[in-house]
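In: A structural model of the following input is requested.
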Amino acid sequence: MGLFKKVRLLFHDDLCPSCMKSMEERGRQLYMLPMMVGHYDSHASALYYKKNLIKVYRKADIPTGQYACGIIAYKCLDCGFRKVKVSVFLPVRDQEKYEDVFYFENGELDDFLEF
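Out: Model prediction:
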């Protein structure tokens, strides 16, 4: 893969790494994590998220000092490639302080997501 393609992929989550076309957003959901401020522990395992995420519908539903997680699922309509972006953040005064971003490209969260 050329340098230009690699750089584009770094800044565009919705680009397919296989065919470089725009992917369709299949869905997005907000979750709460069972971690409080000062106790963040990074987890790159899909199993951890499947066992610990608690679905919420608004940031206002997340208690102060509690970590949250935004999930966006993508699918390429041209080649069928799929990936899920998991963004872990702490909501602070109407902003999001990001801790980690993970990508799952092998269907690890497909049985968990409802879209």
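
In: quick one: Ser49 is in a helix?
Out: Check again: residue 49 is Tyr, not Ser. Yes - assigned with DSSP: H, G, I helix; E, B strand; the rest coil, Tyr49 falls within a helix.

In: what sits against it?
Out: By CB atoms under 8 Å, 6 or more residues apart in numbering, the residues touching Tyr49 are 31, 43, 69, 86, 109, 112. In short, each C-beta sits where N, CA and C put it, glycine included.

In: can you rerun that using 7 Å?
Out: 69, 86, 109 (CB atoms under 7 Å, 6 or more residues apart in numbering).

In: What pLDDT is listed against it?
Out: Note on Tyr49: pLDDT of 96.

In: how close does it sit to Lys55?
Out: Going from Tyr49 to Lys55 by CB to CB, to the nearest Å gives 12 Å.

In: Check Glu25 too.
Out: Glu25 is 18 Å from Lys55, by CB to CB.

In: Between the two, tell me which one has more neighbours.
Out: When Glu25 and Lys55 are compared for neighbours, Glu25 comes out ahead with 14 against 11, by other CB atoms under 10 Å.
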